[in-house]
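Undergrad: what's the 3D shape of this:
(chains A and B, ligands or ions: 2)
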Amino acid sequence: MSSQPEEAAPDLQVSDELIIKIKDMHKWYGSFHVLRDVNLDVYRGERIVICGPSGSGKSTLIRCINRLEEHQQGDIIVENVELTNDLKNIDAIRREVGMCFQHFNLFPHLTVLENCSLAPIWVKQVPRKEAEATAMKYLERVKIPEQADKFPGQLSGGQQQRVAIARSLCMNPKIMLFDEPTSALDPEMIKEVLDVMVELAKEGMTMLCVTHEMGFAKTVANRVIFMDGGQIIEENDPHEFFDNPQHERTKLFLSQILAH
Amino acid sequence: MSTERSHAVGEHPELPPPSTEVGIIGWVRHNLLSSTTNIVITVLTIYFLYIIVPPMLNWIFFDAVFSADSRDDCRAIAKAAGHEMGACWAFIGKRFEIFVYGFYPAEERWRINLSFILMLAALVPVLFDHVPYRKQALWFSLAAPFIIGWLLLGGMGLTPVPTDKFGGFMLTLVIGVTGIVGSLPIGIALALGRQSHMPALRMVCVAFIEFIRGVPLITLLFVASTMLNYFLPPGTTFDLLLRVLIMVTLFSAAYIAEVIRGGLQALPKGQIEAADSMGLKYWQSMRLIILPQALKISIPGIVNTFIGLYKDTTLVIIIGLFDPLGMGRASLADTKWQGLSTEIYVFVAIFFFVSCFSMARYSLYLEKKLYTGH
Ligand SMILES: Nc1ncnc2c1ncn2[C@@H]1O[C@H](COP(=O)(O)OP(=O)(O)OP(=O)(O)O)[C@@H](O)[C@H]1O
Ligand SMILES: [Mg+2]
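TA: Numbering: from 1, shown residues only, chains lettered A, B, ... in the order given. Ligands and ions are numbered 1, 2, ... in the order given. A predicted model of the protein is given here:
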């Protein structure tokens, strides 16, 4: 694919501490069985790339992890807290899990700095001054501190997505979920966002990332998951996954995606 | 000037635009005379203004009589001055106090004046941000309705004034401002309730909105003035003005709710998802993320509803309250001043126009201020 991060795969440690456990999970939209018997264990420090054809349920799967979507059967346990209808558990999990969306979903009526400091102030009761200092720190980390007082509508797509990442990081999450963070961006902006994500991986963040950026998958991921028809069809380490796919559907998908 | 290239490529100096493009001449050329149609429209407009404006000015100012004791007096004065009789503003001047204060006792009218000043003072920090000590001032704004209510109604040290003494512009302001201030929060609550995940709450809100929208305001006012007596336990007295205030507020709240619902639906779903994913609670997301944006989109509709409400206050005449129009019609019964209805309607129209136009301008100002480039 296009812009690949240049560095070779960093030799990152994965701990043996289980951070997300999804067990026999099913989800329906009305009568449509969208996720079927999903099982997934994620350990602290893992960088997992999820790919698969459109409509295969990738977004739905990661949105179940922070309860933007509700599952109907099976268990999802995040940081030893089980996702149930208990609002306390949902809040506890959302404090630990950050998410970045395909369309950024920044708050257009707030400045970049306010976007970043809002949740710490209201959810974690951090004093404003401190929250803003933290926000500036992360804006520097994503290399746009000078845009702090602008509104999202005045930034480019790549800058907006970096703000969105900084906004999530301000909550100091243990896990980051990315849902196609670069697919709404022009090619020249993809790299600046991927670079930030690579940095994040190097710092040991646990990441689940839905993306079709195969370069990113090869260099950063320690595991690639392939989904189709609401099921996990195949999972493997990136080299095995790309060089030696086991499943027919995986081969077909890879041939299509690498063709262009 | 020579036509040959006198500067190297890319080094040509910046020149001022030709005089036909800027200034008054440029403006006229671009805006009034840019095409045949445009020229025709411009000429017709000027002709139309020529027909309308001078007689209007004559009537309002040049031929008008500003002090006199009766209509005949007005005519005589005009005749003596050697022109036709224009507006007889003397009539309005004589009736001015009753137009403004209604039947409020003369020695207590300072309370209305003070209330008016307090209302303006309370509005400033609500309407504009760059007000010194805005936080403290907003507390005052919150308390002001109660102080004003006490001032107008009396009691607790002040002579009580029954609400049937209210009238004129003061009555318009009482009904209009109460309706506006009351219907916004109720409208927001109804709009949120209509989008709620709780079916019972949703149904109550939908039923309320659709019922109120489906009935003319006049009907509601009649209900307020007569039928409520049947529903209330016998012996309860329930102030007529209070009933009108409640009806007007609910009526406009239903419209506001629908306007805001439109704003809520215009927001992308990703906004609430982002707020959820960061762990904001329902009320926090509404207050910090959703409502500021939805209200901003809805400003034109909200102000439109408010202007409608403000003008609809004239309907209270039907149930026997005397707003400025009612006052005017009552004044016409005076034989000394018979036949001066135009003066009254123009005067009342100017009052309403000034109020409503201010609201419209404020709405534009807000839209500009809240524009963040998306
Ligand atoms: N709110 C919803 N209601 C009903 N069906 C839905 C809803 N959201 C998604 N679906 C359906 O569920 C299936 C999985 O959707 P999902 O968004 O998870 O796919 P995806 O793998 O992320 O696809 P893409 O690559 O296009 O983003 C799709 O067939 C979609 O039409
Ligand atoms: Mg998706």
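Undergrad: ok, A:Asp75 - contacts?
TA: Neighbouring residues of A:Asp75 by CB atoms under 8 Å, 6 or more residues apart in numbering or on different chains: A:21-25, A:82-83. In this view, the C-beta of every residue, glycine as well, is placed from N, C-alpha and C.
Undergrad: surely it is in a strand?
TA: Yes - looking at A:Asp75 with DSSP: H, G, I helix; E, B strand; the rest coil, it is inside a strand.
Undergrad: distance of it from ligand 1?
TA: Per CB to the nearest ligand atom, to the nearest Å, A:Asp75 is found 20 Å from ligand 1.
Undergrad: where exactly do the helices run in the stretch 1-150 of chain B?
TA: Assigned by DSSP state H, counting those that start in this stretch, the stretch 1-150 of chain B shows helices spanning B:23-31, B:36-57, B:71-81, B:89-101, B:109-127, B:134-153.
Undergrad: most tightly surrounded among those helices?
TA: helix B:89-101 (a mean of 19; mean count of other CB atoms under 10 Å in any protein chain shown).
Undergrad: who wins for proximity to A:Gln159 among the helices of the stretch 1-150 of chain B?
TA: Proximity to A:Gln159, assessed across the helices of the stretch 1-150 of chain B by CB to CB, is greatest for helix B:134-153 (32.1 Å).
Undergrad: how about the helices in the stretch 151-300 of chain B?
TA: Using DSSP H, counting those that start in this stretch, the helices found in the stretch 151-300 of chain B span residues B:168-194, B:199-213, B:217-222, B:228-231, B:240-266, B:269-277, B:282-284, B:291-312.
Undergrad: get me the contact residues on the stretch 1-150 of chain A for ligand 1.
TA: Counting by CB under 6 Å from any ligand atom, the stretch 1-150 of chain A comes close to ligand 1 at A:29, A:32, A:34, A:52, A:54-60.
Undergrad: of the residues you listed, just the buried ones, PyMOL syntax please.
TA: With 16 or more other CB atoms under 10 Å in any protein chain shown as the criterion, this PyMOL line picks the buried residues out of those:
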select buried, chain A and resi 34+52+56+57+58+59+60
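Undergrad: got the contact list for residue 158?
TA: Went with chain A since none was named. Counted by CB under 8 Å, 6+ apart, A:Gly158 has contacts A:185-186, A:188-190, A:192-193.
Undergrad: oops, chain B please
TA: B:108, B:111, B:150-151.
Undergrad: before we move on, what about B:Leu192?
TA: If you count contacts by CB under 8 Å, 6+ apart, B:Leu192 has them with B:264, B:286.
Undergrad: mind running it again at 7 Å?
TA: B:Met286 (CB atoms under 7 Å, 6 or more residues apart in numbering or on different chains).
Undergrad: and it, how far from ligand 1?
TA: 21 Å.
Undergrad: cool, B:Met286 as well?
TA: 21 Å.
Undergrad: show me where pLDDT drops low in the stretch 151-300 of chain B?
TA: For the stretch 151-300 of chain B, the stretches flagged by pLDDT under 70 are B:235-237.
Undergrad: make a PyMOL selection of the buried ones in the contacts of A:Gly158.
TA: Restricted to buried positions by 16+ other CB under 10 Å, the PyMOL selection for those reads:
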select buried, chain A and resi 185+189+190+192+193
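Undergrad: mind putting the contacts of A:Gly158 into JSON lines with pLDDT and distance to ligand 1?
TA: Compiled in JSON lines, those are given as follows (pLDDT from 0 to 100; distance: CB to the nearest ligand atom, whole Å):
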{"residue": "A:Leu185", "pLDDT": "92", "distance to ligand 1": "15"}
{"residue": "A:Asp186", "pLDDT": "91", "distance to ligand 1": "19"}
{"residue": "A:Glu188", "pLDDT": "87", "distance to ligand 1": "23"}
{"residue": "A:Met189", "pLDDT": "91", "distance to ligand 1": "19"}
{"residue": "A:Ile190", "pLDDT": "94", "distance to ligand 1": "16"}
{"residue": "A:Glu192", "pLDDT": "92", "distance to ligand 1": "22"}
{"residue": "A:Val193", "pLDDT": "94", "distance to ligand 1": "17"}
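Undergrad: out of the contacts of A:Gly158, who's nearest chain B?
TA: In terms of CB to the nearest CB, no member of the contacts of A:Gly158 lies closer to chain B than A:Leu185, at 15.7 Å.
Undergrad: how about the secondary structure of the closest one?
TA: coil.
Undergrad: residues touching the residue lying closest to it once chain neighbours are set aside, list them.
TA: Counting by CB to CB, 6 or more residues apart in numbering or on different chains, A:Leu185 lies nearest to A:Gly157, which is 4.8 Å off, once chain neighbours are set aside. Residues near A:Gly157 by CB under 7 Å, 6+ apart: A:184-186, A:189.
Undergrad: closest to A:Val14 among the residues you listed?
TA: Nearest to A:Val14 among the contacts of A:Gly157, with distances taken as CB to CB, is A:Leu185, at 28.7 Å.
Undergrad: how about that closest one, phi and psi?
TA: Backbone torsions of A:Leu185, given as degrees, to the nearest 10, read phi -110, psi 150.
Undergrad: what sits against it?
TA: A:157-158, A:161, A:193.
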